[in-house]
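Participant: Quick check, what structure comes out for this input:
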Amino acid sequence: LTSSGGAWDSAGPWQEANSTKRLGKMPRTPLQNSSSRPVPATKEKPFIVIDGANVGRSYSVGYGQPDLDLEKHKREHPPLPGGKYHPPVCARAITLAIEYFRGRGHNVRAFLPEFYCDGGRNGTQFALEHRLLEPLRNEGIIMTTPGAAIDDIPAILYAKDRVDGPVRLLTNDRFLDHIRNGICTKEWCDKNLIRYQWENKNKLFLCSPL
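Facilitator: Reported below is the predicted structural model:
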């Protein structure tokens, strides 16, 4: 009875104390240690090697050089008799490709014949807007090859010799002559070459998965 003569309230102090005591003995579910959870593996970004001359004259797959009339250039620079017309290499296309991959966290090396940077012996073989190449060349991102060398071969060998992770080579060249000469195999090309095109004349679009 209470001091007033009534019955104990069902939520009186004795029951409240007992309820607290019983709840205190209830087992607790252990918290999961976040450090024990498996961490999903992150895919390693491949090292990118760029066939600079191929990218620099990739007009046939949509690249558009500002203020360049290819037909006019072809008339003003006719090939030698029996020779083939070679459109100019555009430094802007090469730098756009480099920026595309570097902006996505890839390490990059681009290979380019030295005369596209230096003009060659007669100073007439510069790439268009060649000054865009100088900062990247000084940084070691663009590696120039001897003018008399076939620039594809150093790029292929550089890509093949990397053993510290995956590597991909950006080019639309099929390298059939290099496959015949044993520089690389068709299987290696199928696995490691990245095909590409351009969207809206200046946005690189990859046609092969990384």
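Participant: For the rest of this, base every contact and every neighbour count on C-alpha atoms.
Facilitator: Fine.
Participant: For the residue lying closest to residue 137 once chain neighbours are set aside, grab the count of nearby residues.
Facilitator: Spatial nearest neighbour of residue 137, chain neighbours left out: residue 143 (6.5 Å); criterion: Cα to Cα, 6 or more residues apart in numbering. Neighbours of residue 143 under the rule other Cα atoms under 10 Å: 18.
Participant: same thing with residue 203?
Facilitator: Residue 203 has 16 neighbours, counted by other Cα under 10 Å.
Participant: residues contacting it?
Facilitator: Neighbour list for residue 203: residue 96 [criterion: Cα atoms under 8 Å, 6 or more residues apart in numbering].
Participant: one more time with 10 Å, if that's ok
Facilitator: Contacts for residue 203 were tallied using Cα atoms under 10 Å, 6 or more residues apart in numbering; they are 62-64, 93, 96-97, 100, 197.
Participant: For the residue nearest to residue 137, name its beta-bridge partners.
Facilitator: Taking DSSP bridges, one finds residue 111 as the beta-bridge partners of residue 143.
Participant: so it sits right up against residue 116, yeah?
Facilitator: No - checked against Cα atoms under 10 Å, the pair residue 143 and residue 116 is beyond contact range at 11.5 Å.
Participant: Low-confidence regions, the protein specifically.
Facilitator: Residue ranges of the chain with pLDDT under 70: 1-41.
Participant: So the most centrally placed residue in it: helix, strand or coil?
Facilitator: Nearest to the geometric centre of the chain sits residue 101, at 3.2 Å (Cα atoms, centre = their mean). Put simply, residue 101 is helix when judged by DSSP: H, G, I helix; E, B strand; the rest coil.
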